[in-house]
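Engineer: Sequence first, predicted model second:
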Amino acid sequence: MSTPQSDKRAQDVMHPGAQCVGEHDSLRTAAQMMRDLAVGALPICGEDDRLKGIITDRDIVVKCCAEGRDLDRTTTGELAHGLVWVSADSDIEEALMKMEQHQIKRLPVIENHRIVGMISEADLAKELPDSKLAEFVHRLYAGA
């Protein structure tokens, strides 16, 4: 028997084991990591292994390539944004609320001050009832 959606925690729906890109790594390194990991976003971690933000493939295209910046000289830390996260033991409603409030499609999951996973739209699609998913997607994209 599956757990009711309201009892689910962030750690139950996240994709575990998110790999960080370093805040001093180049955007080329980030793009290569995204390609190799088949992901569209990476958490950015500092030398202290703490979350500094997130970078998306779109950030690289719009804020670097389109602006004529150098992929090898621009660091992920320069484009880091969105220090929005959820605790691993938070309920899924809190994760949904943060994603909607900040109009983000990926949410880092933190446990003991370290990133342990990411929640994406695909993760939610597997876990939420169709009506709840449709409501979430509508609200997320309504502000886009």
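Structural biologist: Cool, the structure landed.
Engineer: Apart from its chain neighbours, what residue comes closest to Glu94?
Structural biologist: Val86 (6.0 Å; C-beta to C-beta, 6 or more residues apart in numbering). Placement of C-beta: from N, CA and C, glycine included.
Engineer: Report the beta-bridge partners for the one you found.
Structural biologist: For Val86, the beta-bridge partners are Val109 (DSSP bridges).
Engineer: need the helices for the protein, in chain order.
Structural biologist: Applying DSSP state H to the chain gives helices spanning 10-13, 27-37, 57-60, 76-79, 92-101, 121-127, 130-142.
Engineer: neighbours around Val13, how many?
Structural biologist: The number of residues packed near Val13 is 20, by other C-beta atoms under 10 Å.
Engineer: Repeat that for the one 10 residues further on.
Structural biologist: Around Glu23 there are 20 other residues, counting by other C-beta under 10 Å.
Engineer: I'd like the distance between it and Ser87.
Structural biologist: Distance, Glu23 to Ser87, by C-beta to C-beta, to the nearest Å: 22 Å.
Engineer: rewinding a little: I'd like the helices of the chain laid out as TSV, including distance to Asp49.
Structural biologist: Formatted as TSV, the helices of the chain follow (distance: least, C-beta to C-beta, whole Å):
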stretch	distance to Asp49
helix 10-13	19
helix 27-37	16
helix 57-60	22
helix 76-79	14
helix 92-101	22
helix 121-127	23
helix 130-142	30
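Engineer: before we move on, back to that, ok, the residue nearest to Glu94 to Gly17 distance?
Structural biologist: As judged by C-beta to C-beta, Val86 and Gly17 stand 16 Å apart.
Engineer: Tell me which of those two has more neighbours.
Structural biologist: Under the neighbour definition other C-beta under 10 Å, Val86 and Gly17 were set side by side, and Val86 has more, 23 against 9.
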